[in-house]
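1. I would like to see how this sequence folds:
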Amino acid sequence: MLKLAILGFLHEQPLHGYELRRHLAALTGHVRPISDGTLYPAIKKLEAAGLLRRETEPGSAAAPRHTLHLTEAGCAELLAGLRTPDDLDISDENRWFTLLAFLSHLNGEPGAQRTVLERRLAFLRTPASFFYEGERPITAEELLDPFRQGMLRIARATTEAELAWLESTLATLGG
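-> Numbering: from 1, shown residues only. Now for the predicted structure:
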């Protein structure tokens, strides 16, 4: 998801590395902080693949600043990733939020946006739990442990809110 987030933010505007890191931290830092040791090798890899380019500008102090720009190939890669996300991008909440943060970049493609949202809707409608008895998901009402009940009730409330949002948004996208 780091690649998608980098391309997504650069689609919005060129950024310096430290600005990009700040944006990434705001999006995912509470879950997975992005270290320089992770970010800068990822940037170099994307640059080597021709998905972004670096422009050097004079710095306000002595050191030059490097501004990162999305290339046409990077834009194409971003849009392809948004149109056809992996199953894990749909099912994992943190990856889903990263995908959702940039889904508006498919502007003018409501059908593609709709397809992605329908996949998430189908995933959320599939019965699941954090706890199982054999293959059967256990509900909050079946548990005696108040902490596990809390987990399931919070997850249920979150899922119900997301389902309502998905259904409303899908209605606006037509189909």
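2. all helices for this structure, in order.
-> 2-12, 17-28, 36-48, 72-83, 87-91, 93-102, 110-125, 146-173 (DSSP state H).
3. What residues sit buried inside the fourth one?
-> Pointing back at helix 72-83 there. Residues of helix 72-83 classed as buried: G74, C75, E77, L78, L79, G81, L82 (neighbour count, 16 or more other Cβ atoms under 10 Å). Just so you know, the C-beta spots here come from the backbone N, C-alpha and C atoms, and that holds for glycine as well.
4. Ok, the second one next?
-> By neighbour count, and taking 16+ other Cβ under 10 Å as the criterion, the buried residues in helix 17-28 are G17, L20, R21, H23, L24, L27, T28.
5. What is the neighbour count of A112?
-> Using other Cβ atoms under 10 Å, A112 has 16 neighbouring residues.
6. Quick check: the gap between the residue nearest to the spatial centre of the chain and H23.
-> Most central in the chain under Cα atoms, centre = their mean is T98, positioned 1.2 Å from the mean C-alpha point. Distance of T98 to H23, computed by Cβ to Cβ, to the nearest Å: 12 Å.
7. which neighbours do these two share?
-> Residues touching both T98 and H23 by Cβ atoms under 8 Å, 6 or more residues apart in numbering: A5.
8. Quickly list what R65 is bridged to.
-> In this structure, R65 has the following beta-bridge partners (DSSP bridges): E57.
9. Enumerate every residue touching A73.
-> A73 touches A49, G50, L51, counting by Cβ under 8 Å, 6+ apart.
10. For the buried residues of helix 17-28, give me JSON lines that also has distance to D86 and pLDDT.
-> Listed next are the buried residues of helix 17-28 as JSON lines, based on distance: Cβ to Cβ, whole Å; pLDDT from 0 to 100:
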{"residue": "G17", "distance to D86": "27", "pLDDT": "87"}
{"residue": "L20", "distance to D86": "23", "pLDDT": "93"}
{"residue": "R21", "distance to D86": "24", "pLDDT": "90"}
{"residue": "H23", "distance to D86": "22", "pLDDT": "92"}
{"residue": "L24", "distance to D86": "20", "pLDDT": "92"}
{"residue": "L27", "distance to D86": "18", "pLDDT": "89"}
{"residue": "T28", "distance to D86": "17", "pLDDT": "78"}
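11. just curious, which of these is nearest to P41?
-> Using Cβ to Cβ, G17 comes nearest to P41 of the buried residues of helix 17-28, at 11.8 Å.
12. Was I right to think the closest one contacts I43?
-> Yes: between G17 and I43 there is a contact under Cβ atoms under 8 Å: 6.6 Å.
13. Residues that sit against both of these two, list them.
-> Common contacts of G17 and I43, defined by Cβ under 8 Å, 6+ apart, comprise L68.
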